[in-house]
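A.B. asks: What follows is a predicted structure for the sequence shown.
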Amino acid sequence: MLFAVEAVIRTPLVLEKNNMTNHDVLNKLVLKGTTTLGIICNDGVVLASDTRVTMGSYIAHKHGKKIYKIDDHLAMTISGSVADAQRVVEILKANAQLYRLNVGRLMPVNSASRLIANILFSSRYAPLIAQVLVGGIDDTGPHVFSLDPFGSLTEEKCVATGSGSPIAYGVLEDRFKEGMTTKEVLPMIIKAIDSAIKRDTASGDDFDIALITEDGYRELTVDEKKLLVD
(Lines give C-alpha, C1' and ligand atoms only; values in the text may rest on other atoms or scores of the structure.)
Protein backbone atom coordinates (compact mmCIF):
# COMPACT_ATOMS: atom_id res chain seq x y z
CA MET A 1 0.00 0.00 0.00
CA LEU A 2 1.42 3.40 -0.98
CA PHE A 3 0.38 6.51 0.90
CA ALA A 4 0.30 10.12 -0.25
CA VAL A 5 3.52 12.08 -0.03
CA GLU A 6 1.82 15.42 0.62
CA ALA A 7 2.36 17.20 3.94
CA VAL A 8 -0.04 16.11 6.69
CA ILE A 9 -1.33 18.22 9.58
CA ARG A 10 -0.56 15.88 12.43
CA THR A 11 -1.45 17.67 15.65
CA PRO A 12 -4.29 16.14 17.69
CA LEU A 13 -5.70 19.66 18.26
CA VAL A 14 -6.23 20.24 14.54
CA LEU A 15 -7.71 16.77 14.14
CA GLU A 16 -10.22 17.48 16.92
CA LYS A 17 -11.27 20.79 15.38
CA ASN A 18 -12.06 19.04 12.13
CA ASN A 19 -13.67 16.08 13.89
CA MET A 20 -11.16 13.77 12.23
CA THR A 21 -9.39 10.79 13.71
CA ASN A 22 -6.01 9.43 12.71
CA HIS A 23 -7.82 6.64 10.88
CA ASP A 24 -9.77 9.26 8.92
CA VAL A 25 -6.54 10.99 7.95
CA LEU A 26 -4.93 7.74 6.80
CA ASN A 27 -8.04 6.66 4.90
CA LYS A 28 -8.04 10.02 3.15
CA LEU A 29 -4.36 9.68 2.26
CA VAL A 30 -4.37 6.08 1.07
CA LEU A 31 -3.49 5.87 -2.59
CA LYS A 32 -3.02 2.94 -4.87
CA GLY A 33 0.60 2.13 -5.49
CA THR A 34 3.58 -0.19 -5.08
CA THR A 35 4.07 -3.93 -5.11
CA THR A 36 6.46 -5.44 -2.56
CA LEU A 37 6.99 -9.13 -1.81
CA GLY A 38 8.63 -11.12 0.96
CA ILE A 39 9.16 -14.89 0.72
CA ILE A 40 10.60 -17.35 3.24
CA CYS A 41 12.80 -19.99 1.62
CA ASN A 42 14.56 -23.08 2.90
CA ASP A 43 17.94 -21.34 2.62
CA GLY A 44 17.05 -17.69 3.21
CA VAL A 45 14.70 -14.85 2.33
CA VAL A 46 13.79 -13.16 -0.95
CA LEU A 47 12.51 -9.56 -1.02
CA ALA A 48 11.24 -7.93 -4.20
CA SER A 49 9.57 -4.72 -5.32
CA ASP A 50 8.67 -2.72 -8.37
CA THR A 51 10.43 0.63 -8.86
CA ARG A 52 7.62 3.04 -9.77
CA VAL A 53 7.06 5.90 -7.31
CA THR A 54 3.68 7.60 -7.56
CA MET A 55 1.91 10.61 -6.09
CA GLY A 56 -1.73 10.00 -6.97
CA SER A 57 -1.88 9.64 -10.74
CA TYR A 58 1.53 11.31 -11.16
CA ILE A 59 4.61 9.12 -11.69
CA ALA A 60 7.26 10.86 -9.59
CA HIS A 61 10.10 8.45 -10.36
CA LYS A 62 10.53 5.39 -12.54
CA HIS A 63 13.41 3.78 -10.67
CA GLY A 64 12.83 4.46 -6.99
CA LYS A 65 14.62 2.32 -4.41
CA LYS A 66 12.25 0.34 -2.19
CA ILE A 67 14.58 -2.36 -0.81
CA TYR A 68 17.20 -1.30 1.74
CA LYS A 69 20.06 -3.28 3.25
CA ILE A 70 20.13 -2.87 7.03
CA ASP A 71 22.97 -5.29 7.81
CA ASP A 72 24.59 -8.30 6.17
CA HIS A 73 21.73 -10.51 7.37
CA LEU A 74 18.85 -8.03 7.37
CA ALA A 75 16.90 -5.87 4.92
CA MET A 76 13.53 -4.18 4.54
CA THR A 77 11.13 -2.94 1.88
CA ILE A 78 9.34 0.38 2.15
CA SER A 79 6.21 2.07 0.90
CA GLY A 80 4.48 5.24 1.96
CA SER A 81 5.72 8.76 2.59
CA VAL A 82 9.33 8.78 1.44
CA ALA A 83 10.56 10.91 4.35
CA ASP A 84 8.80 8.77 6.98
CA ALA A 85 9.95 5.50 5.46
CA GLN A 86 13.56 6.66 5.10
CA ARG A 87 13.55 7.85 8.71
CA VAL A 88 12.52 4.36 9.84
CA VAL A 89 15.27 2.84 7.68
CA GLU A 90 17.95 5.08 9.18
CA ILE A 91 16.78 4.44 12.76
CA LEU A 92 16.92 0.68 12.21
CA LYS A 93 20.34 0.87 10.52
CA ALA A 94 21.81 2.82 13.42
CA ASN A 95 20.34 0.51 16.05
CA ALA A 96 21.45 -2.62 14.19
CA GLN A 97 25.04 -1.32 14.20
CA LEU A 98 24.85 -0.32 17.86
CA TYR A 99 23.48 -3.77 18.74
CA ARG A 100 26.38 -5.42 16.91
CA LEU A 101 28.91 -3.25 18.77
CA ASN A 102 27.34 -3.54 22.23
CA VAL A 103 26.26 -7.19 22.21
CA GLY A 104 28.86 -8.61 19.85
CA ARG A 105 26.42 -10.37 17.53
CA LEU A 106 23.92 -9.56 14.80
CA MET A 107 20.52 -8.15 15.76
CA PRO A 108 17.82 -10.88 15.56
CA VAL A 109 15.20 -10.29 12.85
CA ASN A 110 12.43 -10.43 15.45
CA SER A 111 14.14 -7.70 17.52
CA ALA A 112 14.57 -5.46 14.47
CA SER A 113 10.90 -5.87 13.59
CA ARG A 114 9.79 -5.20 17.16
CA LEU A 115 11.89 -2.03 17.24
CA ILE A 116 10.11 -0.70 14.14
CA ALA A 117 6.74 -1.74 15.58
CA ASN A 118 7.48 0.24 18.76
CA ILE A 119 8.55 3.29 16.75
CA LEU A 120 5.39 3.21 14.63
CA PHE A 121 3.11 2.55 17.60
CA SER A 122 4.64 5.34 19.68
CA SER A 123 3.88 7.73 16.80
CA ARG A 124 0.28 6.58 16.39
CA TYR A 125 -1.15 10.02 17.28
CA ALA A 126 1.05 11.57 14.60
CA PRO A 127 1.54 8.53 12.37
CA LEU A 128 4.67 7.80 10.40
CA ILE A 129 3.04 6.95 7.11
CA ALA A 130 5.04 3.87 6.21
CA GLN A 131 4.29 0.22 5.61
CA VAL A 132 7.30 -2.08 5.61
CA LEU A 133 8.41 -5.67 5.27
CA VAL A 134 11.42 -6.74 7.34
CA GLY A 135 13.26 -9.86 6.21
CA GLY A 136 16.43 -11.60 7.25
CA ILE A 137 18.15 -14.67 8.58
CA ASP A 138 19.53 -15.28 12.08
CA ASP A 139 20.30 -18.14 14.50
CA THR A 140 16.63 -19.19 14.46
CA GLY A 141 16.37 -19.29 10.67
CA PRO A 142 14.84 -17.04 7.99
CA HIS A 143 12.02 -14.64 8.89
CA VAL A 144 9.75 -12.08 7.21
CA PHE A 145 7.63 -9.62 9.20
CA SER A 146 4.95 -7.24 7.91
CA LEU A 147 4.20 -3.94 9.69
CA ASP A 148 1.50 -1.33 9.11
CA PRO A 149 1.70 2.42 9.95
CA PHE A 150 0.34 1.84 13.48
CA GLY A 151 2.92 -0.81 14.37
CA SER A 152 0.85 -3.97 13.92
CA LEU A 153 3.34 -6.81 13.52
CA THR A 154 2.76 -10.18 11.85
CA GLU A 155 5.22 -12.87 10.79
CA GLU A 156 4.58 -14.23 7.32
CA LYS A 157 5.95 -16.96 5.08
CA CYS A 158 4.73 -15.42 1.84
CA VAL A 159 3.45 -11.84 1.79
CA ALA A 160 2.68 -9.09 -0.71
CA THR A 161 1.71 -5.47 -0.10
CA GLY A 162 0.45 -2.62 -2.23
CA SER A 163 -2.14 -2.15 -4.94
CA GLY A 164 -0.46 -4.84 -7.03
CA SER A 165 -0.70 -7.39 -4.21
CA PRO A 166 -4.03 -8.99 -5.27
CA ILE A 167 -2.49 -9.77 -8.65
CA ALA A 168 0.78 -10.94 -7.11
CA TYR A 169 -1.10 -13.17 -4.64
CA GLY A 170 -2.79 -14.87 -7.58
CA VAL A 171 0.63 -16.15 -8.63
CA LEU A 172 2.09 -16.70 -5.16
CA GLU A 173 -0.81 -18.74 -3.79
CA ASP A 174 -0.81 -20.92 -6.88
CA ARG A 175 2.93 -21.64 -6.91
CA PHE A 176 4.36 -21.08 -3.43
CA LYS A 177 5.18 -24.14 -1.33
CA GLU A 178 6.98 -24.24 1.99
CA GLY A 179 10.53 -25.53 1.81
CA MET A 180 11.37 -24.04 -1.60
CA THR A 181 14.91 -22.77 -2.16
CA THR A 182 15.75 -19.23 -3.25
CA LYS A 183 16.66 -20.57 -6.68
CA GLU A 184 13.25 -22.22 -7.02
CA VAL A 185 11.43 -19.12 -5.79
CA LEU A 186 13.00 -16.62 -8.20
CA PRO A 187 10.94 -17.55 -11.32
CA MET A 188 7.78 -17.32 -9.21
CA ILE A 189 8.82 -13.90 -7.89
CA ILE A 190 9.51 -12.67 -11.42
CA LYS A 191 6.09 -13.89 -12.57
CA ALA A 192 4.30 -12.26 -9.61
CA ILE A 193 6.05 -8.90 -10.04
CA ASP A 194 5.65 -8.97 -13.82
CA SER A 195 1.92 -9.70 -13.51
CA ALA A 196 1.46 -6.81 -11.05
CA ILE A 197 3.41 -4.43 -13.29
CA LYS A 198 1.33 -5.36 -16.33
CA ARG A 199 -2.06 -5.12 -14.61
CA ASP A 200 -1.65 -2.43 -11.95
CA THR A 201 -1.11 1.12 -13.23
CA ALA A 202 0.60 2.27 -10.03
CA SER A 203 3.23 -0.50 -10.21
CA GLY A 204 5.67 -0.60 -13.04
CA ASP A 205 8.82 0.36 -14.93
CA ASP A 206 11.28 -2.12 -13.38
CA PHE A 207 11.82 -4.39 -10.38
CA ASP A 208 14.46 -5.12 -7.75
CA ILE A 209 15.14 -8.45 -6.03
CA ALA A 210 17.31 -9.01 -2.95
CA LEU A 211 18.50 -12.33 -1.53
CA ILE A 212 19.44 -12.83 2.11
CA THR A 213 21.17 -16.13 2.85
CA GLU A 214 23.95 -17.48 5.06
CA ASP A 215 26.34 -15.84 2.59
CA GLY A 216 24.86 -12.41 3.34
CA TYR A 217 22.81 -9.82 1.48
CA ARG A 218 22.95 -9.23 -2.23
CA GLU A 219 20.77 -7.73 -4.95
CA LEU A 220 20.39 -9.31 -8.35
CA THR A 221 22.29 -7.52 -11.09
CA VAL A 222 20.69 -6.17 -14.24
CA ASP A 223 22.07 -9.11 -16.23
CA GLU A 224 20.75 -11.64 -13.70
CA LYS A 225 17.28 -10.07 -13.78
CA LYS A 226 17.29 -9.99 -17.57
CA LEU A 227 18.29 -13.66 -17.72
CA LEU A 228 15.44 -14.61 -15.38
CA VAL A 229 12.92 -12.62 -17.41
CA ASP A 230 14.12 -14.14 -20.66
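C.D. replies: The structure has been received and is ready for your questions.
A.B. asks: Now N42. Its backbone dihedrals?
C.D. replies: In terms of degrees, to the nearest 10, the main-chain angles of N42 are phi -60, psi -30.
A.B. asks: Could you pull up the residues touching it?
C.D. replies: Contact analysis of N42 by Cβ atoms under 8 Å, 6 or more residues apart in numbering lists G179, M180, T181. C-betas here are computed from N, CA, C, even on glycine.
A.B. asks: quick one: the residue nearest to the first one when sequence neighbours are not counted from F207, how far?
C.D. replies: In space, and not counting its chain neighbours, G179 is closest to N42: 5.1 Å by Cβ to Cβ, 6 or more residues apart in numbering. N42 is 23 Å from F207, where distance means Cβ to Cβ, to the nearest Å.
A.B. asks: what about stretch 170-186, how long is it end to end?
C.D. replies: End-to-end distance of stretch 170-186 (Cα to Cα, to the nearest Å): 16 Å.
A.B. asks: How far off centre is that stretch?
C.D. replies: Taking Cα atoms, centre = their mean, to the nearest Å, one finds the center of stretch 170-186 at 18 Å from the center of the full chain.
A.B. asks: Just the mean pLDDT for that stretch, thanks.
C.D. replies: Taken as a whole, stretch 170-186 has a mean pLDDT of 94.
A.B. asks: ditto for stretch 215-226
C.D. replies: Rounded mean pLDDT across stretch 215-226 is 94.
A.B. asks: Residues contacting stretch 85-93, please?
C.D. replies: 68, 70-71, 76, 78-79, 112, 115-116, 119-120, 128, 130, 132.
A.B. asks: okay, and for this structure, where does confidence drop off?
C.D. replies: 1-32 (pLDDT under 70).
A.B. asks: what about the strands in it?
C.D. replies: Using DSSP state E, the strands of the chain run over 2-3, 30-31, 36-41, 44-50, 53-55, 58-61, 67-71, 74-80, 130-138, 141-147, 153-156, 158-161, 207-213, 216-219.
A.B. asks: I'd like to know which elements the longest one is packed against.
C.D. replies: Helices and strands touching strand 130-138, as assessed by 3 or more Cβ pairs under 8 Å, 6 or more residues apart in numbering; DSSP states H and E, comprise strand 36-41, strand 44-50, strand 74-80, helix 82-103, helix 109-122, strand 141-147, strand 158-161, strand 207-213.
A.B. asks: Could you list the buried residues of the fourth one?
C.D. replies: Residues of helix 82-103 classed as buried under the neighbour-count rule (16 or more other Cβ atoms under 10 Å) are V82, D84, A85, V88, V89, L92, K93, N95, A96, Y99.
A.B. asks: Also the fifth one?
C.D. replies: Across helix 109-122, burial judged by 16+ other Cβ under 10 Å covers V109, N110, A112, S113, R114, L115, I116, A117, I119, L120, F121.
A.B. asks: From L186, how far out is the last one?
C.D. replies: Okay, so that is F121. From F121 over to L186 the distance is 34 Å, taken as Cβ to Cβ.
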